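>>> Let me see the structure of the following:
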Amino acid sequence: MDSYLSETGGTQVSVNKISLGGRGEILLALPRDATVRTANALRKPASELCPGNTMCAWKNSWYTGDKISMWACYNYCIPWLENGSWINNQSTGTVANFLDDYGVSKWHDDGAFSHDPDAPWYWVHWVKNC
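Residues are numbered from 1 along each chain as shown. The predicted structure follows:
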């Protein structure tokens, strides 16, 4: 939790949730859970992993581990170095850019709806979701 707070500038709002000031949120996977969920809430079906008008990034491959949900057009810090995953479920055609440590866009998706269940995060420092 502390490393996410220092890297993202967010605010802890529950035991496993960080608010990114109305732009998005980070949910941390609870112990013994492969996927994130709101504490004390039922697990969501796979079809709801990344709701509409959202860009989602997961720490681990196949949409597991900690999750960053991105709602507003912004450069979001990606604090992970291993392979993870992402879903772009924003409005149709909205392109997400994947930026390196210098803020240079080195790759972009084909626009919403798109996804990658096994994406390398080692070179991605930011995602600009629009």
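
>>> going forward, measure contacts and count neighbours with C-alpha atoms only.
Noted.

>>> Nearest spatial neighbour of K67, chain-adjacent residues omitted?
Nearest residue to K67 in three dimensions, chain neighbours excluded: W58, at 4.4 Å (C-alpha to C-alpha, 6 or more residues apart in numbering).

>>> and the helix or strand hosting that neighbour, which strands flank it?
Assigned by DSSP states H and E, W58 belongs to strand 54-60. Take DSSP bridges as the rule and strand 54-60 pairs in its sheet with strand 64-70 (antiparallel), strand 83-89 (antiparallel).

>>> got the CA coordinates for that strand in CSV?
C-alpha atoms of strand 54-60 as CSV (Å, rounded to 0.1, in the frame of the first residue of the first chain):
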residue,chain,number,x,y,z
THR,A,54,-12.5,2.5,-18.2
MET,A,55,-9.0,1.5,-19.0
CYS,A,56,-7.8,-1.2,-16.6
ALA,A,57,-4.2,-2.5,-15.9
TRP,A,58,-3.3,-5.5,-13.7
LYS,A,59,-0.1,-6.3,-12.0
ASN,A,60,-0.1,-9.9,-13.2
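
>>> quick one on the thing from earlier: please tell me I have it right and the residue nearest to K67 contacts M70.
No. W58 is not in contact with M70 according to C-alpha atoms under 8 Å; the separation is 11.5 Å.

>>> Find residues that contact each of these two.
Residues touching both W58 and M70 (C-alpha atoms under 8 Å, 6 or more residues apart in numbering): there are none.

>>> As a check, name the ranges of all strands in the protein.
Taking DSSP state E, the strands of the chain run over residues 11-14, 17-19, 24-27, 54-60, 64-70, 75-77, 83-89, 97-99, 105-108, 114-120, 126-128.

>>> which of those is buried the deepest?
Of all these, strand 54-60 has the most neighbours on average by mean count of other C-alpha atoms under 10 Å, namely a mean of 26.

>>> What average pLDDT does that strand get?
Taken as a whole, strand 54-60 has a mean pLDDT of 96.

>>> by how many degrees do it and strand 114-120 diverge?
Relative orientation of strand 54-60 and strand 114-120, computed by axes from the mean of the first three to the mean of the last three C-alpha atoms, to 10 degrees: 30 degrees.
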